[in-house]
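K.L.:
pasting the sequence and the predicted coordinates here, then a few questions.
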Amino acid sequence: MNVIKTDKIMYANRPKIKIQLEPIDTILEATTAAILIALWMYVIISYSSLPETIPTHINYKGEVDGTGNKMLIWVLLGITTVITVGMHVLTRFPQIHNYMVNITEENAQHNYRLSSRMLRYVNLLTLLLLAYVCYAMIQKSFGDNFFMESAMTYLIIVYSVAMPIVLIVFMLKNQKAPK
């Protein structure tokens, strides 16, 4: 209970400033929105052609080892949308993000911009991964061996290894505000 009070005090003391979007931020947000809209359109267009039973899990060899009703594609799309929109909303409140430095009036603009941008990158990469899963499920249900053997396994491994490396390099490179 004491931790919660401390966190609220910590967030309350942080400056609440509006961060202006730079071109890269606009590009990241527009790309993320376009991919999410394209994914929705793809699912809507493909849904009526889907068989009643679709793959819900595919092993590392690209073989279906779990199936379910085609309505589950909407669950995946819903989860993808909630995550994407949730992370987008979170970029609007950088004062509640976690930081490795104490946030002051002097460094708030710099740290808020970097934190929001990093979250935009994570949002885009997470959306790409979930969109790939959704696309692959639909393609596999049409009989297309879209997985190309174990492509999904490699994609998840690369994502799991690359994402923390990118985040660490990003944080180390941008740790201090420019003078």
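P.N.:
Sure thing, it's come through.

K.L.:
only C-alpha atoms from now on, for both contacts and neighbour counts.
P.N.:
Noted.

K.L.:
what's the first helix or strand after the longest helix seen in the chain?
P.N.:
What stands out as the longest helix in the chain, according to DSSP state H, is helix 108-141. Under the assignment DSSP states H and E, the closest C-terminal helix or strand after helix 108-141 is helix 151-173.

K.L.:
ok, back up a step: what angle sits between the longest helix of the chain and helix 151-173?
P.N.:
Angle of helix 108-141 versus helix 151-173, following axes from the mean of the first three to the mean of the last three C-alpha atoms, to 10 degrees, is 180 degrees.

K.L.:
any idea how far helix 108-141 is from the chain center?
P.N.:
Averaged C-alpha coordinates place helix 108-141 at 3 Å from its chain's average position (C-alpha atoms, centre = their mean, to the nearest Å).

K.L.:
and stretch 71-86, by the same measure?
P.N.:
In terms of C-alpha atoms, centre = their mean, the centre of stretch 71-86 is set 12 Å apart from its chain centre.

K.L.:
which residue, neighbours along the chain excluded, lies closest to Leu76?
P.N.:
In space, and not counting its chain neighbours, Leu76 is closest to Cys134: 7.0 Å by C-alpha to C-alpha, 6 or more residues apart in numbering.

K.L.:
circling back: please name every helix or strand in contact with the longest helix of the chain.
P.N.:
helix 23-47, strand 53-58, helix 72-91, helix 151-173 (3 or more C-alpha pairs under 8 Å, 6 or more residues apart in numbering; DSSP states H and E).

K.L.:
one more time with 10 Å, if that's ok
P.N.:
helix 23-47, strand 53-58, strand 64-69, helix 72-91, helix 151-173 (3 or more C-alpha pairs under 10 Å, 6 or more residues apart in numbering; DSSP states H and E).

K.L.:
could I get those as a markdown table with distance to Leu114?
P.N.:
Formatted as a markdown table, those follow (distance: least, C-alpha to C-alpha, whole Å):
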| stretch | distance to Leu114 |
| --- | --- |
| helix 23-47 | 10 |
| strand 53-58 | 36 |
| strand 64-69 | 41 |
| helix 72-91 | 10 |
| helix 151-173 | 8 |
